[in-house]
Structure formats: C-alpha cells, structure tokens
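*Asks:* Pasting the sequence and the predicted coordinates here, then a few questions.
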Amino acid sequence: MIRPILIHPDPRLKKVCDPVAEVTPELRALAEDMLETMYDAPGVGLAAPQVGVTKRLLVMDCVKEGTPEPMVLINPRLIWASEDLSSYEEGCLSIPDQYAEVKRPALVRVEWTDLDGALQEREFEGLWATCVQHEMDHLDGRLFIDHLGLMKRQMITRKMEKLKRERARQA
Ligand code: K2U
Ligand code: ZN
C-alpha cells in the first residue's frame, strides 16, 4: 500500500536509524510498500524513515526509460567513495518542490543485505550514485539541505513549516 511521506521538519527524519536485525515477512511488506510509494510519488529513491520507520532500509529505481530495476538495500554500508565529485540539482520527497545543487562523490561502492538475506556489493555511478548517497544520508538523519549553507537551509525549512501549517488547515 502507498504510505504517507513525512515532511521536513519532523524529528523522525533526524534520527539515526536502527540496523535491521532479520529479514522478516513484515520487512518484505514494508519494502514492497516503499517501492509502491516511491513509484507513485514519483521518485527514484525512498528511505524507511521517510515513511516513519526508523530502520536502515532504502529502495531505489533510477532507470529513466526501459525496464524498471527496483532495488532494496538493507543495512547499506559505504565501502569506498571516489575523490571526484559530481553535482546534481537534488530534491527530496520529504521537502517537496525545493531543489538545490549538491556535490557528492561521483562513484561509490556499497555493501548491503538483500531481501533474500544475501550480502551484495556494487559500484554505483551517475544518478544511482547520487541517489544511494541521498538515501543513505536519510538513514543517518541527514537531509540534502544539510549540505547547503545555513541561510538556504533556514529558508527552505521556513517554507516547509508554512506548507505544513497550510496542510494542517486543509485537513
Ligand atoms: O529520498 C528521496 O526523497 C527521494 C528522492 C531521491 C533523490 C533525490 C535527488 C537525487 C536523486 C535521488 C526523489 O527521487 S526526488 C525526485 C527525483 C526524481 C528524479 C530525479 C531526481 C529526483
Ligand atoms: Zn530525500
């Protein structure tokens, strides 16, 4: 099912998430819901804290055209990051309609556990590299605006507080 996405500022988006102890049917159902929620948004990634679950789990599908390639990363760990950086105009489903340039390592190697409990390792580049770093930041309570200057971060936060007040009035 499609789950509601938390909007910044929200304390649950600032928490360092807990490791996943074991892959259970409930976890599989959560991963399924996260993929459905991500495609519906639409987005190319989604982290568990964004749907209020402070566990180290994220989903991604950065394929633009062609066959979708949904990925579920449990307890992801950054093994290596390139010196070279790449810039991307990032957004976030928890910070709607706000975009800003963020520089991140262009290439990253990540290790994780998949839904079958198997250990995986892969090098990501391009949008996949940006996305996996953006999602792994979420698992440590970091948002893309935390990579911006104080003024820009405060301006975006104020806009989100206003948006939440308006949504609360409509509800
Ligand atoms: O974590 C999220 O909020 C999902 C983001 C992930 C993301 C942000 C910036 C760059 C790459 C991934 C959503 O996918 S934001 C929507 C979006 C869609 C296509 C490309 C970039 C961002
Ligand atoms: Zn995000």
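*Replies:* Received the coordinates, thanks. What you see is a predicted model; the values in this text were computed from it and never measured. Ligands and ions are numbered 1, 2, ... in the order given.
*Asks:* Flag every residue of the protein that's near ligand 1.
*Replies:* Contact residues, the chain versus ligand 1 (C-beta under 6 Å from any ligand atom): 43-47, 88, 90-94, 127, 130-131, 134-135, 138. Backbone N, C-alpha and C define where each C-beta goes, glycine included.
*Asks:* Among those, name the ones in strands.
*Replies:* Under the assignment DSSP state E, these contribute Gly45, Leu46, Ala47, Tyr88, Glu90 to strands.
*Asks:* count of residues packed around the fourth one?
*Replies:* Think Tyr88. 20 (other C-beta atoms under 10 Å).
*Asks:* who's in contact with it?
*Replies:* Tyr88 makes contacts with Glu101, Val102, Arg104, Leu127, Thr130, as judged by C-beta atoms under 8 Å, 6 or more residues apart in numbering.
*Asks:* Next one, pLDDT for it please.
*Replies:* Among the per-residue scores, Tyr88 holds a pLDDT of 98.
*Asks:* I'd like to know the beta-bridge partner residues of it.
*Replies:* Beta bridges link Tyr88 to Val102 when assigned by DSSP bridges.
*Asks:* I'd assumed Pro70 was in contact with Leu35.
*Replies:* Yes - contact criterion C-beta atoms under 8 Å: Leu35 and Pro70 qualify, at 5.2 Å.
*Asks:* thinking again about what came up before, may I ask which of the ones in strands among the residues of the chain next to ligand 1 has the most neighbours?
*Replies:* Ala47 leads those on contacts (other C-beta under 10 Å) with 30 neighbours.
*Asks:* which of the residues in stretch 160-171 are buried?
*Replies:* Met160, Leu163 (16 or more other C-beta atoms under 10 Å).
*Asks:* Thank you kindly, that will do.
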